[in-house]
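In: Mind folding the following:
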Amino acid sequence: MNMSASPFVSVIIPVFNDSARLFQCLKALENQTYSQELHEIIVVDNGSDEDIKELSKVFSHVTFTDEARTGSYAARNRGISLAKGDVIAFTDADCIPDSSWIEKGVQALNHASNCGMVAGKINLFFKNPDHPTLVEMYDSVMAFHQKKFISKLRYGATANVFTFKSVIQEVGTFNEALKSNGDREWGQRVYRAGYEQVYGEDACVAHPARRTFSELYKRTIRITGGHYDYKKRRGYSWKEFIRDWAMDVFPSWQEYQRIWAHSALDWFQRFQLTLVMIVVKHLSARERLRLQFGGTSTRG
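Out: As a prediction, the model looks like this:
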């Protein structure tokens, strides 16, 4: 699949009401080690109330466009339709890519034979590193395990993914009907098509940990809804639903272990994060039950 040691890269960033953090993302992308002549940046506004295009006065080299259909996957597909690159890179408006992000992502794509996608590393950071909130600590332990995603579940979170345009042309674009889990559904299509999938340890972006229970609640509802929609489209039997609901109500020992084996936490922090996990899992169980009895998933 190696097309060139230095292919043209299209970076696609969906955004919804997040201009302040998008500014920081675009500032980081100004300082890439990868040649400016060999990459473009496409920002897709997904119905923001904020004036996202106001940033075009600051970042004149960035392409700003709109996607009226709700959902980040529709926005990413809009970006794909405009992309000129042989390589497509995805990140999010709230991410801060390392200066070598594009360079390392392309290297990982080219290093593996028949590579279909690279899932890069996502480092979570706290607003105040000396005094993280309980939710920030929980998010740092439980979220964005890209290495596990790619090796066990065959996908990467689109906060940090590289692929070839030819792969997208073969397996198709993202499923726009999904509010969440679209990255998982797409990644598994890539895997079923026979492509190799790689974890890009050196292709890093920084992502803010969710800081408040409100943010954590919205994420939980969105992810549960996306997972439910994904299963429903594949044929969600009552047996499978009950199994998933039970896994929400009764977390696995691996989930407890992830917290209690974390060496940077003291016993009281582990106890607190365990309580947070139980609350999150029960919120997920309640949302799954609501959807099963006729509710509709939301953007979160």
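In: Report the mean per-residue pLDDT for the longest strand seen in the chain.
Out: Counting by DSSP state E, the longest strand found in the chain is strand 196-208. Average pLDDT, strand 196-208: 96.
In: Just the buried residues of it, please?
Out: Applying a neighbour-count criterion of 16 or more other C-beta atoms under 10 Å, one finds 197-200, 203-208 buried in strand 196-208. Glycine gets a C-beta too; all of them are placed from N, C-alpha and C.
In: wouldn't Phe241 be in contact with Phe293 here?
Out: No: using C-beta atoms under 8 Å, Phe241 is not in contact with Phe293; the gap is 10.6 Å.
In: out of these two, which sits in the busier spot?
Out: Applying other C-beta atoms under 10 Å to Phe241 and Phe293 shows that Phe241 carries more neighbours, namely 17 against 6.
In: can you pull the contacts of the more buried one?
Out: If you count contacts by C-beta atoms under 8 Å, 6 or more residues apart in numbering, Phe241 has them with 231, 288, 292.
In: again, 7 Å this time
Out: Gln292 (C-beta atoms under 7 Å, 6 or more residues apart in numbering).
In: That one: which element?
Out: Remark: Phe241 resides in helix 238-249, with elements defined by DSSP states H and E.
In: on contacts alone, who are the packing partners of the following helix or strand past that helix?
Out: Moving toward the C-terminus from helix 238-249, the next helix or strand (DSSP H and E) is helix 253-260. Packing partners of helix 253-260 (3 or more C-beta pairs under 7 Å, 6 or more residues apart in numbering; DSSP states H and E): helix 134-142, helix 267-292.
In: Could you point out which residue ranges in this protein have low pLDDT?
Out: 1-4, 298-300 (pLDDT under 70).
In: quick one, helices of it?
Out: With DSSP state H, the ranges of helices along the chain come out as 19-29, 72-82, 101-111, 134-142, 146-148, 165-171, 182-192, 213-234, 238-249, 253-260, 267-292.
In: now the angle from the helix holding Phe241 to helix 213-234?
Out: 160 degrees (axes from the mean of the first three to the mean of the last three C-alpha atoms, to 10 degrees).
In: I'd like the distance from helix 238-249 to the chain centre, please.
Out: 25 Å (C-alpha atoms, centre = their mean, to the nearest Å).
In: returning to that earlier point: pick the one among the buried residues of strand 196-208 closest to Val141.
Out: Val141 lies nearest to His207 out of the buried residues of strand 196-208, by C-beta to C-beta, at 14.0 Å.
In: List the contacts of that closest one.
Out: Residues near His207 by C-beta under 7 Å, 6+ apart: 94-95, 122, 124, 144, 159.
In: can we see that at 8 Å?
Out: Counted by C-beta under 8 Å, 6+ apart, His207 has contacts 92, 94-96, 122-125, 144, 159.
In: Can you go through those residues and name the buried ones?
Out: 92, 94-96, 122, 124, 144, 159.
In: what's the most distant pair in those residues?
Out: Within these, Ile96 and Phe144 form the most distant pair, 13.9 Å apart (C-beta to C-beta).
In: Also compute the angle for the longest strand of the chain relative to helix 182-192, please.
Out: Using the same axes, to 10 degrees, strand 196-208 lies at 160 degrees relative to helix 182-192.
In: Parallel or antiparallel, which strands does strand 196-208 pair with?
Out: As defined by DSSP bridges, the strand partners of strand 196-208 come to strand 96-97 (antiparallel), strand 115-125 (parallel).
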